[in-house]
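Engineer: would you be able to build a 3D model of this:
(one chain, ligands or ions: 2)
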Amino acid sequence: MKLEQLLERLEYTCVQGSLDREISGIANDSRQVVPGTLFFSIRGAVTDGHTYAAEVAEKGAVALLVEEPVEVPESVTVIQVKDTRYAMALVSAAWYDYPAEKLKVIGITGTKGKTTTTYMIKSILESAGHKVGLIGTIETIIGETHIPSSNTTPESVKIQEYFHRMLEDGCDMAVMEVSSQGLMLNRTAGIPFEIGIFTNIEPDHIGPAEHKSFEDYMHCKGLLFRQCRIGIVNGDDEHLDQVLAGHTCKVETFGLSEKNDLRAENLKMVHKPGYLGISYHAAGMIDMDVEIDIPGKFSVYNSLAAIAVCLHFKVREADIKTALKQAKVKGRVELVKVSDDFTLMIDYAHNAMSLESLLTTLREYEPGRLVCLFGCGGNRSKARRFEMAEVSGRLADFTIITSDNPRFEKPEDILDDIESGIKKTDGKYVKIADRKEAIRYAILHGQPGDVIVLAGKGHEDYQEIEGKKYHMDERELIQEILEEENLR
Ligand SMILES: CC(=O)N[C@H]1[C@@H](OP(=O)(O)OP(=O)(O)OC[C@H]2O[C@@H](n3ccc(=O)[nH]c3=O)[C@H](O)[C@@H]2O)O[C@H](CO)[C@@H](O)[C@@H]1O[C@H](C)C(=O)N[C@@H](C)C(=O)N[C@H](CCC(=O)O)C(=O)O
Ligand SMILES: Nc1ncnc2c1ncn2[C@@H]1O[C@H](COP(=O)(O)OP(=O)(O)OP(=O)(O)O)[C@@H](O)[C@H]1O
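Structural biologist: Residues are numbered from 1 along each chain as shown. Ligands and ions are numbered 1, 2, ... in the order given. Below you'll find the model as predicted:
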């Protein structure tokens, strides 16, 4: 493709060389550059892509997109723009011939609920005959292909490549998680979102590598609503007005309160042995009863958002109901059947805020005992150990302290830190460093009516020890234990 054609939607200055060049590939990583590549110089958190200019020219890059002058041979074209991340998003879209314009793209932002809601939407739309690609924290799904994720919202080059592959695979729709960092760093620039969803917002992701303040976090989330046609938003969220500031889309609200366009009434927690779910009546934009096999009031919010989206695509009520009943997300309050007496679930909660929200929600089911098994990562925030310990000690009836990803720390040292946090509460606990043995303890000591949460690992299928990732999937560990203990 010709360079000039790739730049058609950009404002730029050609500071060196010709625009009449054939480009055979695009890349923002010097290690991926081959002869004929257009290289994007990105100023990152760790390093500055401009410093690789000479190296990529040497490797055969024929053009560079930059924010500041670079020294490369005259044969290399240099294009200067104000923001290379923004430019990269637009050029990547052009490279794949604007695939997002041929799909209906649904973007979901919010502190919590993004992953769950994407899977719910995919499940409902597919039940109505659509073919839906998905991009999110756990994975990207294109047909039968599942690609594990390293970011919730990947870099724009990847997003556009995924959209292109979705089209090739016959998808007519894409649903994606849109993180505030993704918006802030222009990973989603230029995508014409048909629908944008806002689940909720709480102070999170604030720090040197993320957002400078809560205001900045809210502002970045709000950018989605300047870039979508319809905004479907949580009308109960106290920060909604700030998030919607400057929006350009049509807005529809969902939530529990009367004022919302789509609302849930008559909420009922469903607690049977080995099962937790929730049911409600959806009113306003539709009139129907809903039951979901994912526990927690937040499941009501997530499913309302999913219903509101699907109503725009004329999905039949019966399809919505069936698909929501079947919706499950790996590692997000994922129920695993081990006993008829008590309930066990796997959840990804790995900080104090998520754990507090999870345990508070589960308490509403009035369990016999609420048992929480968790550990904390090594070589990461030490404060998190004491904070999670405080939450579990205060909110669970019993805590099983175990290992998460010890990395380069001694597991016992991490467990000791957590123990010292729990000791500041009245919480009862046991310490078992080996995660499989800790899960065995939880299962063998389960009592009728108990709700047991294995927190922290969620969808992950590995444990990171001394720089190596060892395969460890809690679902498999549970099945092994059930077999070893003749409980199957
Ligand atoms: C702070 C941040 O956003 N970092 C992300 C970012 O790295 P970066 O742009 O800062 O990259 P860098 O390493 O400084 O390199 C700068 C440039 O030099 C290039 N480079 C680098 C090395 C080299 O040898 N040659 C070379 O050309 C790089 O390709 C890049 O273009 O780009 C990488 C590739 O796209 C991301 O994987 C990485 O996410 C890291 C892992 C991360 O933790 N990001 C967090 C802050 C994040 O984005 N989180 C949100 C979700 C939050 C949530 O809701 O839970 C997300 O969407 O994932
Ligand atoms: N709407 C919601 N409000 C509050 N908590 C929620 C909501 N939905 C899910 N949760 C809780 O938060 C956890 C993470 O949910 P989910 O993965 O869907 O959110 P997310 O926005 O993708 O967050 P993360 O990026 O941390 O994975 C769930 O396991 C559940 O405990």
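Engineer: tell me the SS of Glu265?
Structural biologist: strand (DSSP: H, G, I helix; E, B strand; the rest coil).
Engineer: list the beta-bridge partners for it.
Structural biologist: Taking DSSP bridges as the rule, Glu265 bridges to His281.
Engineer: hang on, it packs against His281?
Structural biologist: Yes: assessed by C-beta atoms under 8 Å, Glu265 is found in contact with His281 at 4.7 Å. For glycine as for every other residue, the C-beta is placed from the backbone atoms N, C-alpha and C.
Engineer: between the two, who's got more neighbours?
Structural biologist: Neighbour count, other C-beta atoms under 10 Å: between Glu265 and His281, His281 has more, with 14 against 11.
Engineer: shared neighbours of Glu265 and His281, anything?
Structural biologist: Shared contacts of Glu265 and His281 (C-beta atoms under 8 Å, 6 or more residues apart in numbering): none.
Engineer: neighbours around Asp204, how many?
Structural biologist: 16.
Engineer: help me confirm that Lys259 comes into contact with Gly235.
Structural biologist: Yes: checked against C-beta under 8 Å, the pair Lys259 and Gly235 is within contact range at 6.2 Å.
Engineer: give me the pLDDT for Ile142.
Structural biologist: Here, the pLDDT recorded for Ile142 equals 98.
Engineer: next one: the one 4 residues further on
Structural biologist: At His146 the predicted local distance difference test score is 96.
Engineer: roughly how far does it sit from His211?
Structural biologist: 30 Å (C-beta to C-beta, to the nearest Å).
Engineer: what of Pro148?
Structural biologist: Pro148 is 26 Å from His211, by C-beta to C-beta.
Engineer: how about Arg226?
Structural biologist: Taking C-beta to C-beta, one finds Arg226 at 18 Å from His211.
Engineer: of those two, which one has the most company?
Structural biologist: More crowded of Arg226 and His211, by other C-beta under 10 Å: His211, with 21 against 15.
Engineer: tell me, what's touching Lys259 and Gly235 both at once?
Structural biologist: Joint contacts of Lys259 and Gly235 (C-beta under 8 Å, 6+ apart) are Thr253.
Engineer: more neighbours: those two, which one.
Structural biologist: Gly235 (21 against 10).
Engineer: touching, that one and Glu258? I think so.
Structural biologist: No: assessed by C-beta under 8 Å, Gly235 is found out of contact with Glu258, at 9.9 Å.
Engineer: extract the CA atoms of stretch 31-44 and return them as PDB.
Structural biologist: C-alpha atoms of stretch 31-44 as PDB (Å, rounded to 0.1, in the frame of the first residue of the first chain):
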ATOM      1  CA  ARG A  31      12.100  -6.100  16.900                       C
ATOM      2  CA  GLN A  32       9.300  -6.600  14.300                       C
ATOM      3  CA  VAL A  33      10.800  -4.400  11.600                       C
ATOM      4  CA  VAL A  34      11.600  -5.900   8.300                       C
ATOM      5  CA  PRO A  35      12.500  -4.300   4.900                       C
ATOM      6  CA  GLY A  36       9.600  -2.100   3.700                       C
ATOM      7  CA  THR A  37       8.100  -1.400   7.200                       C
ATOM      8  CA  LEU A  38       6.500   1.900   8.300                       C
ATOM      9  CA  PHE A  39       7.700   2.300  11.900                       C
ATOM     10  CA  PHE A  40       5.800   4.300  14.600                       C
ATOM     11  CA  SER A  41       8.000   5.900  17.200                       C
ATOM     12  CA  ILE A  42       6.100   5.700  20.400                       C
ATOM     13  CA  ARG A  43       7.200   7.400  23.600                       C
ATOM     14  CA  GLY A  44       6.400   4.700  26.200                       C
END
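Engineer: any bit of it sitting next to ligand 1?
Structural biologist: Yes: under the criterion of C-beta under 6 Å from any ligand atom, ligand 1 is reached by stretch 31-44 at 31, 42, 44.
Engineer: what is the burial count for the first one?
Structural biologist: Counted with other C-beta under 10 Å, the burial measure for Arg31 works out to 9 neighbours.
Engineer: could you do the second one as well?
Structural biologist: Residues near Ile42, counting by other C-beta under 10 Å, number 22.
Engineer: surely it meets Thr84?
Structural biologist: Yes: Ile42 lies in contact with Thr84 (C-beta under 8 Å); the separation is 5.5 Å.
Engineer: what's around the residue in the chain that ligand 1 sits nearest to, how many residues?
Structural biologist: Of all residues in the chain, Gly44 sits closest to ligand 1, at 2.1 Å by C-beta to the nearest ligand atom. Gly44 has 10 neighbouring residues, counting by other C-beta under 10 Å.
Engineer: what does the one 5 residues further on give?
Structural biologist: Other residues near Gly49 come to 23 when the count uses other C-beta under 10 Å.
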